[in-house]
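J.: Got a predicted structure here, sequence first:
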Amino acid sequence: MKKIFTLLAFVLATVSSYAVSTETVFNWQSDGATTTLEKALTATGGTATFFGTASPSTESVGYNTAVTDEELKATGNKAHKLGTNTLYLELKLSSGTFKAGDVIQICGYNAFRVGTGVTDNRADTDIAASLATGTGKADYNVGSVTLPDDFEETNVIYISRANGSGTGVAAVKVTREVLGADDPVVEVSPTTLSLVATIDEPSVSGTFQITGSNMFDVGTVNVSCDDTNLSLSDIAIPVTAQGTVDQSITVSYNPTVNADPTTAEIIITAGSITKKVTVSYSALVKKATPTNVTGDITWDIENGITGDADVASPTEEIYANLLGLTFADDFDATSLYVTANDYAWRKSNQCAQACTLKFITEVPGTITVTFSNTGGSNKERWVKVTDANGEQTGTVEAVGTTHMTESFDVAAGTVSITGTGALRFFKIEFVKANGVSVTIPASGYATLCSSNDVVSNGECYKATKLVNGVVTIVPVQGVIPASTGIIVKGEAGTVTLPIATEGTTAADLEGNKMVGVLADTDMTGKSCYILSDGAFWPCSGGTLAAGKAYLDIAPTSGAKAIEIDVDGQETAISTVNAEQLNGNIYTINGVQVKNAQQKGIYIINGKKVVK
């Protein structure tokens, strides 16, 4: 008879307006306070009572993240512990009986026995011999069992531990599906959303959940919003055959310009039911591109900050001309932009505080920074400047509020100025360099890869060919394009190559075998030669520093260092250790021979001989 009733309920639920809903028959949540036997504890629908020969103890609860039902959690995070086989729990209804189809849920750890009787202070196993829950006291979880179709109705059920040294019980809940013609129910959560777009995150979104039951007469739930600035992931949600809806809706906001705070409403309609979600949104997203610096410039921050700059903890990146800082649509970013960290500006003192100042320069130069400590501490605080060649740290400590100055040579590219603490920046001056400096060691040779076009007046050489262990380099004159690898030859010291200007003739770099790098480069696995101590050596890995170059020729097996021949005139650079020759004759590749009969370069008695 019970099976027929269950089938009938299913048919009615799917073809008519009748609904199958769930009601709570019994619910007890442990408060961890009672340690007395045979004391009836209040529960929804009845009482819960501990029986046996040992009193219940209490313990703190550690819930598994899967436990989301608040009715299956202990009150005050304290649960009861069934420590031995001498304690069991009786669930008793104040009216009615437990029936077939009822679902018993137990939140606890270790296994439980569930039955309608008790033997030796343990529940009989006519319902469940081992109902699994969590695996330890730090892992309270939920186990459940459904009363079978042949269950004999009763108003009491008993629970005890199944095995193990202890079993904690936080809550017991019994639910039942009932057949009825309930009104449809629609819930929306949350009912408010806040969407704030920034430069770092110009496209933002939020979600809300629509849940519904008993909605057999409602075919579709409709979602709409009249505000065209917002978009919805779904606008029509079909109701399931069980009369339910459970759908997450995403609200997206993707502005292209700044926007003041605005409020919009999203309307959810399900038959005669109407729900609303209020969305507040705003944006600071306009991102101007800084103009590259090409010459001398000064930013007087101390005297020039204006506009709405009192922002306590901004997360946006604001590009601004420091002589007219503003949050409006008409950003005028002519050269400098600001990345805000802790504070955008300290407007009361008219200076930047705890921020990173950046600009882009097309030419190398020198930056002079005027700065100070914020005055709150005398801890060491230093200005740091980072350019295309890496970080450079200042040598002047900022102590107190005294103005300090420090100068830094920087390469072309993006330059960042910051500090090791809360610093105030007052003035930044940039003076472009006259050229690109190259340090030549005692060997007389260096490699260069500049981020600027430079002019060679004969100091620069291209490498053209490798013959019999000798690489030929040829002097070039004129403009050498940025990112080009070259060799610079001269006396030990510093050589400055002028920055190229319009109208300068391009250098002849045809056949050049040098390859430059503008950033530190891992040379692992590279088949090439590296300049060291005036000779080219087969690459053995490591890092090639930014601004250097390598010889893009693959070494042969067992190759040694190779000589440099300047346009037909070889140099006096040894390829092997002369102290190890001991009067023997070697080829330029380090192979010992009996005599030097053939033309070529030999090492004889530690000296290089051309025949």
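T.: Noted; the coordinates are in hand. Numbers count the residues shown, from 1 in each chain.
J.: quick one: least confident helix or strand in the chain?
T.: Ranking every helix and strand in the chain by mean pLDDT, DSSP states H and E puts strand 317-319 at the bottom, with a mean of 35.
J.: what about the stretch 401-550 of the chain, any weak spots by pLDDT?
T.: 401, 421-423 (pLDDT under 70).
J.: Enumerate every residue touching Ser483.
T.: The contact partners of Ser483, taken as CB atoms under 8 Å, 6 or more residues apart in numbering, are 449-451, 516, 518. From N, CA and C alone the C-beta is placed, and that goes for glycine too.
J.: I'd like the residues you listed laid out as JSON lines, including secondary structure, distance to Asp226 and neighbour count.
T.: Listed next are those as JSON lines, based on DSSP: H, G, I helix; E, B strand; the rest coil; distance: CB to CB, whole Å; neighbours: other CB atoms under 10 Å:
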{"residue": "Cys449", "secondary structure": "strand", "distance to Asp226": "58", "neighbour count": "23"}
{"residue": "Ser450", "secondary structure": "coil", "distance to Asp226": "58", "neighbour count": "25"}
{"residue": "Ser451", "secondary structure": "coil", "distance to Asp226": "53", "neighbour count": "22"}
{"residue": "Gly516", "secondary structure": "strand", "distance to Asp226": "59", "neighbour count": "22"}
{"residue": "Leu518", "secondary structure": "coil", "distance to Asp226": "53", "neighbour count": "18"}
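J.: and which of those is nearest Ala442?
T.: Minimum distance to Ala442 across these is 21.8 Å, recorded for Cys449 (CB to CB).
J.: quick one: that closest one and Asp31, what's the gap?
T.: Using CB to CB, to the nearest Å, we find Cys449 at a distance of 74 Å from Asp31.
J.: do Thr198 as well
T.: Noted for Thr198: a distance of 46 Å to Asp31, by CB to CB.
J.: Over to Lys548?
T.: Using CB to CB, we find Lys548 at a distance of 73 Å from Asp31.
J.: neighbour count winner among these two?
T.: Neighbour totals were compared for Lys548 and Asp31, and Lys548 leads with 20 against 16 (other CB atoms under 10 Å).
J.: Just give the closest residue to that one, not the sequence neighbours.
T.: Thr447 (5.0 Å; CB to CB, 6 or more residues apart in numbering).
J.: count of neighbours near the one you found?
T.: 25.
J.: Could you list every helix and strand in contact with the strand or helix carrying it?
T.: Assigned by DSSP states H and E, Thr447 belongs to strand 445-449. Using 3 or more CB pairs under 8 Å, 6 or more residues apart in numbering; DSSP states H and E, the elements in contact with strand 445-449 are strand 435-440, strand 485-489, strand 514-516, strand 529-532, strand 549-551.
J.: So in that sheet, which strands flank it, and in what orientation?
T.: strand 485-489 (antiparallel) (DSSP bridges).
J.: would you put the C-alpha positions of the partner strand in PDB?
T.: What follows is strand 485-489, C-alpha atoms only, in PDB (Å, rounded to 0.1, in the frame of the first residue of the first chain):
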ATOM      1  CA  GLY A 485      74.600  43.500 -31.000                       C
ATOM      2  CA  ILE A 486      78.000  45.000 -31.700                       C
ATOM      3  CA  ILE A 487      81.700  44.900 -30.500                       C
ATOM      4  CA  VAL A 488      83.200  48.100 -29.000                       C
ATOM      5  CA  LYS A 489      87.000  48.300 -29.300                       C
END
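J.: Show me how far that strand is from its chain's centre.
T.: 41 Å (CA atoms, centre = their mean, to the nearest Å).
J.: helix or strand right after it?
T.: Following the chain from strand 485-489 toward its C-terminal end, the next helix or strand by DSSP H and E is strand 493-498.
J.: report the angle between the axes of that next one and strand 485-489?
T.: 130 degrees (axes from the mean of the first three to the mean of the last three CA atoms, to 10 degrees).
J.: Name the surrounding residues that touch strand 493-498.
T.: For strand 493-498, the surrounding residues in contact (CB under 8 Å, 6+ apart) are 434-440, 448, 450, 454-456, 459-460, 480, 488.
J.: again, but for stretch 542-553
T.: Outside stretch 542-553, the residues that reach it (CB under 8 Å, 6+ apart) are 388-390, 411, 447-451, 463, 466, 471, 485-487, 513-524, 526, 528-531, 536, 539.
J.: Which of the residues you listed are buried? Put it as a PyMOL command.
T.: In PyMOL syntax, the buried subset of the contacts of stretch 542-553 is picked out as below (16 or more other CB atoms under 10 Å):
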select buried, resi 388+389+411+447+448+449+450+451+463+466+471+485+486+487+513+514+515+516+517+518+521+523+526+528+529+530+531+536+539
